[in-house]
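Chemist: no sequence on hand, only this structure:
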């Protein structure tokens, strides 16, 4: 998982979403709104096709799911589920790109903590503030928060709902990406490359958003990232800046 930068919609598409949300709100007040049917009808419209295209472009050439970053993002996902929260059904900040498996696991589950989402929104926050990666198993787990001396509860709930620690194929994908990233560093250390060379190779090899963990998170204490930081502080600083701005 990684932080995803949300793009701006075309004005005409945004206006159409606003109009549809207004109509849905009016039907909700009148007691006639059927969220599932409303959404199905809207999905046939060109504006929603454009929304899906923008979400896919936000995820790069491989159009990965915003939750697991492992499978192809197949459709639009409502972060706040549309049935219990129809007032957010056509709100652009609420729309994500999701794979079939993550969508099935999440369904309408949406835990709240003091009326705030208790699930990670990758377009609104850095997931690695709440998640950790286990290189030995390939599993995504909750991060231990030293400030509260406990595990991140948002991380725990995200892992639980999306089953990030119980999906074997997902774990294999993350392990392969970690192995590729490690190999990139080891090869760079044996050559006479520049910091920019290393950064470009790392970004190209990062299929699962792991650089946020490796460089900005707890992964910086794990080999070979630990050695890179200690032996090449200037290059490490350049990597940190590049990943923060990626």
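Modeler: Looks like it arrived, so ask away. These numbers come from a predicted model, not from an experiment.

Chemist: element containing residue 76, please.
Modeler: Residue 76 belongs to strand 75-78 when elements are defined using DSSP states H and E.

Chemist: pairing partners for that strand, with directions?
Modeler: According to DSSP bridges, strand 75-78 forms sheet pairs with strand 95-98 (antiparallel).

Chemist: ok, the closest residue to residue 1 other than its chain neighbours - contacts?
Modeler: Excluding its sequence neighbours, the residue lying closest to residue 1 (Cβ to Cβ, 6 or more residues apart in numbering) is residue 127, at 4.1 Å. (C-beta placed from N, C-alpha, C; glycine too.) Taking Cβ atoms under 8 Å, 6 or more residues apart in numbering, we find residue 127 in contact with 1-3, 120, 158, 209, 212.

Chemist: how near is residue 127 to residue 69?
Modeler: 9 Å (Cβ to Cβ, to the nearest Å).

Chemist: between these two, what contacts are shared?
Modeler: Contact criterion Cβ under 8 Å, 6+ apart; residues shared by residue 127 and residue 69: 1-2, 209.

Chemist: which one of those residues is nearest to residue 40?
Modeler: Nearest to residue 40, judged by Cβ to Cβ, of the shared contacts of residue 127 and residue 69 is residue 1 at 28.6 Å.

Chemist: can you pull the contacts of residue 199?
Modeler: Shown in contact with residue 199 (Cβ under 8 Å, 6+ apart): 238-239, 242.

Chemist: quick one on the thing from earlier: pLDDT on the strand holding residue 76, on average?
Modeler: Strand 75-78 shows a mean pLDDT of 97.

Chemist: and the contacts of it?
Modeler: Strand 75-78 is touched from outside by 43, 48, 51-52, 55, 66-67, 85, 88-89, 94-98, 100, 102-103, 106, with contacts defined as Cβ under 8 Å, 6+ apart.

Chemist: ok, now with 7 Å
Modeler: Strand 75-78 is touched from outside by 51-52, 55, 89, 94-98, 103, with contacts defined as Cβ atoms under 7 Å, 6 or more residues apart in numbering.
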